[in-house]
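Undergrad: build me a structure from this.
(one chain, ligands or ions: 1)
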Amino acid sequence: MQTKILITNDDGIYARGIKSLIVGLAGVGDLTVVAPDREQSASSHSLTLLNPLRIKERSPGYYAVDGTPTDCVFLGVNHIMRQQPPDLVISGINRGGNLGDDITYSGTVAAAFEATLLGVPAIAISLEYKSDFYFDTAARVVREIAEKVLVSGLPADTLLNVNVPDLPWDELSGFRVTRQGKRTYSDVVCENRDPRGRPYYWIGGEVLKCDDLEGTDAALVAAGYVSITPIHLDLTNYKAIEPLQKWEWSI
Ligand code: MN
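TA: Coordinates of the predicted model:
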């Protein structure tokens, strides 16, 4: 039976990253796109529970949902593709990296988390935010990784968070398996006034620094490598269990 791949993207149904994925994955499997009808970057793992959702099939196999990337994966796996569930979910190619702490905000990574929760192997793929946006490089990268995942599968509860440097393919340094790094953002809150004199606030600052820790996603992407970080759903900090158990509890 033909391999089924579900594509989503938190930059919205018209995102360039979706078009690049479709070109890059040609021949790898049957592609179904289910993506938000507008940009949903930094929506994290939010699920729409208080409003109904609408699905519009814009062209065959190409669905826009008025919800989050997580909604898209949920509807994609459990409704749109329920007769033949996907063998793989690919979320991306995001316009901008998902490095270090970005993972916790990312709609791109959350969509891959959702797929993992639903038992489908998943890849989140992001292209470093610079100026050129070599989406075709990232598309070639994801094709190679997708083929490997389809053959070998992934460990339980694990997805791949892939980040690609913004470089032409022949300038990449190689592929590296990495660990999650650390990024620091500006904490500035910009206050301004709207035309009616009321204050409004603009948050979400620039990256101030990427800690250049050895073996991390941010460090390797900065050195021109494709970073592949296996991440899992269990957020427990096992090293903290023992110290917390030593606290004196009242009962
Ligand atoms: Mn995005």
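
Undergrad: what residues does the chain put near the ion?
TA: Asp10, Asp11, Ser41, Asn94 (CB under 5 Å from the ion). C-beta here means a position set from N, CA and C on the backbone, and glycine is covered the same way.

Undergrad: which ones among these map onto strands?
TA: Asn94 (DSSP state E).

Undergrad: filter the residues of the chain next to the ion down to the buried ones and express that as a ChimeraX selection.
TA: Of the residues of the chain next to the ion, the buried ones can be selected in ChimeraX as follows, counting by 16 or more other CB atoms under 10 Å:
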select :10,11,41,94
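
Undergrad: now the strands for this protein?
TA: Assigned strands in the chain, in chain order: 4-8, 30-36, 55-59, 62-65, 88-95, 122-127, 158-164, 174-177, 183-185, 190-193, 199-202, 207-210, 225-232 (criterion: DSSP E).

Undergrad: let me have these in TSV, adding distance to Phe135 and mean pLDDT as columns.
TA: What follows is those, written out as TSV (distance: least, CB to CB, whole Å; pLDDT from 0 to 100):
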stretch	distance to Phe135	mean pLDDT
strand 4-8	14	98
strand 30-36	15	98
strand 55-59	20	97
strand 62-65	18	98
strand 88-95	6	98
strand 122-127	6	98
strand 158-164	9	98
strand 174-177	18	98
strand 183-185	22	81
strand 190-193	30	94
strand 199-202	28	94
strand 207-210	21	72
strand 225-232	14	98
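
Undergrad: ok so, going back, what's the lowest-pLDDT member of the residues of the chain next to the ion?
TA: Minimum pLDDT for these is recorded at Ser41 (93).

Undergrad: hang on, that one packs against Asp11?
TA: Yes. If you go by CB atoms under 8 Å, Ser41 and Asp11 touch, sitting 6.3 Å apart.

Undergrad: overlap in contacts of those two?
TA: Asn94 (CB atoms under 8 Å, 6 or more residues apart in numbering).

Undergrad: contacts only, for Glu147.
TA: Residues near Glu147 by CB under 8 Å, 6+ apart: Val28.

Undergrad: where's it relative to the ion, distance?
TA: As defined by CB to the ion, to the nearest Å, Glu147 lies at a distance of 25 Å from the ion.

Undergrad: picking up where we left off before, let's have the strands of the chain in CSV, adding distance to Tyr238.
TA: Below are the strands of the chain laid out as CSV (distance: least, CB to CB, whole Å):
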stretch, distance to Tyr238
strand 4-8, 31
strand 30-36, 35
strand 55-59, 40
strand 62-65, 37
strand 88-95, 27
strand 122-127, 24
strand 158-164, 16
strand 174-177, 21
strand 183-185, 23
strand 190-193, 39
strand 199-202, 38
strand 207-210, 26
strand 225-232, 12
